[in-house]
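>>> Have a look at this fold, sequence not included:
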């Protein structure tokens with residue numbers, strides 16, 4: 001059909017027609033009409049996704065090898081600004097070589113669970129993709145050396161994910177501190193060698209920090225807060241071995257160092273006691289969601305402080321807070337005027353009558369008997385708003401499509417699907 005009616009209009013006109021199509025079905029049908037239309041469809045996408053975002057939910061990542069990233073692919077998707085290789089387990093450093101020729105426009109790159117990517121591959125990416133603003137490297141086999149090169153060559157980094165990169169230390173954080181002064185979001189979950197001592201003077205642009213399952217000490221946490229710009233902080237499951245002074249932390253928060261915090265996750269944090277709760281309640285007036293699940297040292301003075309000072313609190317998690325009693329629950333209900341949801345389960349000192357009094361007092365509050373132990377999801381506003389990687393509201397997921405690769409056809413089990421970005 002390539003020689004038929006589609007030749008009666010220039011490609012620019014067909015491109016405009018394609019952009020006017022509203023539904024995914026219509027866009028998909030357009031690309032299946034003929035090779036010319038497929039080229040127009042492919043070249044319109046700025047976001048390309050191979051594999052999937054969650055290793056455990058992905059059935060096709062094991063089939064994606066280095067050969068996927070070849071000239072044919074980049075010639076087909078010519079406007080790429082965002083590329084996700086998440087869970088492409090067989091991708092190696094050598095498989096990233098095409099970035100040398102085709103990576104100059106990339107703004108966002110996801111290499112999560114690409115275990116075979118090392119400092120060599122990261123250096124290649126850094127040299128080839130100078131405009132990178134977002135990079136996700138969860139479980140990659142990188143070290144401080146590779147991270148330093150990345151921060152020196154990619155000056156516009158705003159989001160960096162280093163979760164489970166167990167070879168990253170405070171030295172790597174120092175490189176981010178020195179070279180990435182526009183950073184908005186950082187994930188160091190399960191980075192067991194980061195103590196937090198090199199966060200001092202971190203850019204005030206840092207608004208979101210995920211630091212679950214880390215070994216931060218009280219000094220490290222105060223260094224993290226020193227930038228003054230944090231709005232989302234996850235310290236859940238903090239390793240107790242390096243923590244030495246909750247009073248020091250309370251004093252630091254009390255002077256206003258965390259005044260901008262709106263989302264705080266302290267699940268199973270051993271330093272959470274009344275003094276810390278009081279300091280946070282007074283020093284963080286903007287708090288909207290606070291996860292205190294499994295914090296067993298909070299007494300009545302802590303709960304009363306939350307009720308007195310957390311006037312913007314919308315969601316509160318208190319499941320498995322064994323010292324929460326009827327009086328404490330009522331203090332929350334009387335004080336937190338904007339509270340809409342409370343997660344409350346297995347609080348053994350809260351009686352049936354106490355729960356009933358709370359319900360009568362605050363009929364507007366939904367009580368969920370659930371335990372939310374995972375991190376509070378970062379708000380969308382922490383995502384770099386200057387990285388416009390969507391094309392007409394869609395991205396192309398290559399694990400759900402077919403393409404020609406070195407003369408071979410890659411076909412997944414699923415039907416082609418375009419999803420909103």
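Nice, thanks for sending it over. Quick caveat: nothing in here was measured; it's all calculated off a predicted structure.

>>> ok, now which ones touch residue 132?
Residue 132 makes contact with 106, 107, 108, 109, 125, 126, 154, 156, 157, according to CB atoms under 8 Å, 6 or more residues apart in numbering. Bear in mind the C-beta positions are built from the backbone N, C-alpha and C, glycine included.

>>> Switch these over to a markdown table; also include neighbour count, secondary structure and pLDDT.
Converted to a markdown table, those look like this (neighbours: other CB atoms under 10 Å; DSSP: H, G, I helix; E, B strand; the rest coil; pLDDT from 0 to 100):
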| residue | neighbour count | secondary structure | pLDDT |
| --- | --- | --- | --- |
| 106 | 22 | coil | 96 |
| 107 | 23 | coil | 97 |
| 108 | 24 | strand | 97 |
| 109 | 21 | strand | 96 |
| 125 | 26 | helix | 97 |
| 126 | 23 | helix | 98 |
| 154 | 21 | coil | 98 |
| 156 | 16 | coil | 97 |
| 157 | 23 | coil | 98 |
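
>>> Just give me the closest of those residues to residue 138.
Of all the contacts of residue 132, residue 138 sits closest to residue 109, with 12.3 Å by CB to CB.

>>> Tell me the secondary structure at the closest residue to the closest one other than its chain neighbours.
Closest residue to residue 109 apart from its sequence neighbours, by CB to CB, 6 or more residues apart in numbering: residue 135 at 5.2 Å. Following DSSP: H, G, I helix; E, B strand; the rest coil, we place residue 135 in the strand state.

>>> Let me know the helix or strand that residue 268 is in.
Residue 268 is part of no helix or strand when elements are defined by DSSP states H and E.

>>> And for it, the neighbour number?
Counted by other CB atoms under 10 Å, the residues lying close to residue 268 total 20.

>>> Please name the residues that touch the residue nearest to it when sequence neighbours are not counted.
Nearest in space to residue 268, with sequence neighbours left out and distances taken as CB to CB, 6+ apart, is residue 294 at 4.3 Å. Counting by CB under 8 Å, 6+ apart, residue 294 touches 267, 268, 319, 320, 321, 373.

>>> Contacts only, for the fifth one.
Spelled out, it's residue 321. Counting by CB under 8 Å, 6+ apart, residue 321 touches 292, 293, 294, 295, 296, 298, 347.

>>> in what helix or strand does the last one lie?
Same thing as residue 347. Using DSSP H and E, residue 347 is not contained in any helix or strand.

>>> Just read off the phi/psi values of the nearest residue to it once chain neighbours are set aside.
Spatially, and ignoring its direct neighbours in sequence, residue 347 is nearest to residue 324 (4.5 Å; CB to CB, 6+ apart). Per-residue torsions, residue 324: phi -70, psi 130 (degrees, to the nearest 10).

>>> Name the SS class of the nearest residue to residue 369 once chain neighbours are set aside, please.
Leaving aside its sequence neighbours, residue 369 sits nearest to residue 345 (CB to CB, 6+ apart; 4.7 Å). Assigned with three-state DSSP, residue 345 falls in the coil class.

>>> Which stretches in the protein count as helices?
For the chain, the helices defined by DSSP state H cover 11-19, 24-33, 35-44, 71-76, 99-102, 119-128, 144-153, 170-179, 218-225, 246-252, 274-283, 300-309, 326-335, 352-361.
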